[in-house]
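Q: got a sequence here, can you model it:
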Amino acid sequence: MTIQIYGPEGAIAPDSAELAATPMELSGLRLVVLDNGKPNAALVMERLATYLGHRAGTELAFVAKKGPGSRSANAAIPCAPDVFDRVVAAADLVLTGTADCGSCTAYSVYDAVQLERTGLPCVVVTTTMFEAVARTMARDFGMPNLRILVLPHPLGGTAPDRLDAWAQAALDDLEALFSPVEGPRSIEDRAADGLR
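A: Below you'll find the predicted structure:
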């Protein structure tokens, strides 16, 4: 009888990576929304993209479900390769999510990290209940400074007019996340807007 013993040492995390370079200006850039199919994910991200377009001149190129052929979405798996390639070919900026449960947070963050590694600035939309998980996953995937936009929880089951108000209130943060100069507003500033 042969016994094989495996050593416990080895790589425990992916190599660290830097964020993709942010554009000097947003006007004229194509933004793609990568929808993982969570309730209200596409709705709130489309609103964010639309408001960013009105303010900064970006163009919502398309909304893609992350499943094969962009026909469906499963929040608990990585983005399908064909959809990933389509997004990389067509986008200047990406908004993805929503990271508002366990496995969907892991895979939304994973997708964003992979997009960032191709050179595309990407923002993950999460909620207050899953912000800490999203930030931990980003660190564990080798990109601790991943661009993360935090909205109130929950998104699923929330009325469209309320989601619209949340999207408008988060617009400064979204623009700052794509900006080369500024970062997102402080927790105190977000609290003043009722986002925390």
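
Q: where exactly do the helices run in the chain?
A: Ranges of helices in the chain, per DSSP state H, are 41-56, 81-90, 102-117, 131-140, 160-169, 171-177, 187-192.

Q: tabulate those in a markdown table, adding columns for mean neighbour count, mean pLDDT and distance to residue 73.
A: C-beta: built from backbone N, CA, C; applies to glycine. Compiled in a markdown table, those are given as follows (neighbours: other Cβ atoms under 10 Å; pLDDT from 0 to 100; distance: least, Cβ to Cβ, whole Å):
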| stretch | mean neighbour count | mean pLDDT | distance to residue 73 |
| --- | --- | --- | --- |
| helix 41-56 | 20 | 98 | 8 |
| helix 81-90 | 15 | 98 | 9 |
| helix 102-117 | 22 | 96 | 10 |
| helix 131-140 | 18 | 96 | 18 |
| helix 160-169 | 15 | 98 | 18 |
| helix 171-177 | 19 | 97 | 21 |
| helix 187-192 | 12 | 51 | 28 |
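
Q: which of the ones you listed sits closest to residue 4?
A: Taking Cβ to Cβ, helix 131-140 is the member of the helices of the chain nearest to residue 4, at 28.6 Å.

Q: contacting residues around the closest one?
A: Residues from elsewhere that reach helix 131-140 (Cβ atoms under 8 Å, 6 or more residues apart in numbering): 13, 99, 102, 105-106, 108-110, 112-113, 124, 126, 144-146, 148, 150.

Q: now it - C-alpha only, CSV.
A: The C-alpha coordinates for helix 131-140 follow below in CSV (Å, rounded to 0.1, in the frame of the first residue of the first chain):
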residue,chain,number,x,y,z
GLU,A,131,-19.8,45.8,2.1
ALA,A,132,-17.4,44.1,4.5
VAL,A,133,-17.7,40.8,2.6
ALA,A,134,-17.0,42.6,-0.7
ARG,A,135,-14.0,44.3,0.7
THR,A,136,-12.6,41.1,2.2
MET,A,137,-13.2,39.2,-1.1
ALA,A,138,-11.4,42.0,-3.0
ARG,A,139,-8.4,41.7,-0.7
ASP,A,140,-8.4,37.9,-1.0
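
Q: many thanks, have a good one.
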